[in-house]
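Novice: sequence first, then the predicted structure:
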Amino acid sequence: MNKNFAFTLKRIRFDENYNPSDKTRITTNFANLARGEKRQENLHNALVMIDNRFNSLAQWDNPKSDRYAVELEIITAELNVDLEGKGGAFPVIEILKTTVVDKQSGQRIEGIVGNNFSSYVRDYDFSVVLPAHNKNRNEFSMPANFGDLHGNIFKNFINSDAYNTHFSKPPVICLSVSSKNTYYRTGNVHPVLGIEYQQDEASLTDYYFAKMGLTARYFMPAGSVAPLAFYFQGDLVNDYTNLELISTISTMETFQKIYRPEIYNANSAAGNVYQPSLSHQDYSFTRIVYDREERSQLAVEQGKFTEETFIKPYQAVLEQWSANSVL
């Protein structure tokens, strides 16, 4: 990696007392929960949901479904751009790290890093670059090299000393399935991940995450009502333990129930052929409510913030570094 570019990590516990950093994207799942008058109640309820879901999937030697708890850390990766002795640190990536606590044995078990994925540069790509490119076009298209810079930032982070000093395995990112695609059940069933689905075509998110070096698979765990999208390197089903996978499912399904209740808190499960829809009406609310419209508006604001404070000041050197970044 170019000596003028270096990553540093910052870690903060995500619990009932969590307050977002001023460098955290406020549209991020966990930061969004920690706002407003009911912030502590929101956080408490979300954490209880995560623990309950974990125990429902880790049923063996767990007769009361209360053996495990999940602890979460927010990992912020800052990219330090040092030009002519003038350094500038920008929070390029934010992910979650899970730790599983076995309350029966007292053991603390490493979970998965990744889970949620937050990126100011992705806001810039999707809320500034993409709309500007398609403003006067009759058909949607992507600009040349769309996602290249973001993808190279991510790949360099995963290969950096900062990452590999702290984490032993590559990340797994877990997201909602695309409401624009149709998903079909396969004959494959994993004991933890559940029923595997395949989609009819790659989504824009798939394309974007491929630039990050990540592959997608889609699974609906037991007790879930819709498949989740898992983005990973390597072999998802063999590189991670059951408890690691359950920590991701329980964490991210909880967030999706809150933010995508029409899909993930629906009152009926996905069938053999499944088309997710945010206009679906037969679903239940959690006790945690958020403002989806505000979240969309903030994504645009954060994209413009990224353009002004990171892309424009360092554009030439970022483009040169990205073009020479081969991983």
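Specialist: That came through, no problem.

Novice: after the helix or strand of the chain with the lowest mean pLDDT, which helix or strand is next?
Specialist: Using mean pLDDT, DSSP states H and E, helix 29-33 stands out as the lowest-scoring helix or strand of the chain, at a mean of 61. Downstream of helix 29-33, the next assigned helix or strand under DSSP states H and E is helix 39-57.

Novice: what mean pLDDT does that next one have?
Specialist: On average, the pLDDT along helix 39-57 is 91.

Novice: that helix - contacts with which helices or strands?
Specialist: Judged by 3 or more C-beta pairs under 8 Å, 6 or more residues apart in numbering; DSSP states H and E, helix 39-57 is in contact with helix 29-33, strand 68-83, helix 242-259. Quick note: C-beta positions are derived from backbone N, CA and C, even for glycine.

Novice: that one: how far from the chain's middle?
Specialist: Here the centre of helix 39-57 is set off from its chain's centre by 18 Å, with C-alpha atoms, centre = their mean, to the nearest Å.

Novice: what residues of it count as buried?
Specialist: Residues of helix 39-57 classed as buried by neighbour count (16 or more other C-beta atoms under 10 Å): 39, 42-47, 49-51, 53-55, 57.

Novice: okay, helices next: where are they in this structure?
Specialist: In the chain, the segments counted as helices under DSSP state H are 29-33, 39-57, 120-124, 130-133, 148-158, 161-166, 204-210, 236-239, 242-259, 261-264, 292-306, 312-323.

Novice: give the buried residues for the fourth one.
Specialist: What it means is helix 130-133. Using 16+ other C-beta under 10 Å as the test for burial, helix 130-133 gives Leu130.

Novice: how about the last one?
Specialist: Burial within helix 312-323, assessed by neighbour count using 16+ other C-beta under 10 Å, is assigned to 314, 318, 321-322.

Novice: would JSON lines of those with distance to Phe232 and pLDDT be doable?
Specialist: Putting these into JSON lines (distance: C-beta to C-beta, whole Å; pLDDT from 0 to 100) gives the following:
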{"residue": "Tyr314", "distance to Phe232": "30", "pLDDT": "87"}
{"residue": "Leu318", "distance to Phe232": "26", "pLDDT": "88"}
{"residue": "Trp321", "distance to Phe232": "26", "pLDDT": "84"}
{"residue": "Ser322", "distance to Phe232": "23", "pLDDT": "84"}
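
Novice: just give me the closest of those to Phe219.
Specialist: Ser322 (32.6 Å; C-beta to C-beta).

Novice: residue contacts, the closest one?
Specialist: Ser322 makes contacts with 148-149, 152-153, as judged by C-beta atoms under 8 Å, 6 or more residues apart in numbering.

Novice: now His133
Specialist: 141-143, 146.

Novice: ok, now with 6 Å
Specialist: Residues in contact with His133 (C-beta atoms under 6 Å, 6 or more residues apart in numbering) are Pro143.

Novice: returning to what we had before: highest neighbour count among the contacts of Ser322?
Specialist: Ile153 (24 neighbours; other C-beta atoms under 10 Å).

Novice: that residue against Phe90, yeah?
Specialist: No. Counting by C-beta atoms under 6 Å, Ile153 stays clear of Phe90, with 9.8 Å between them.
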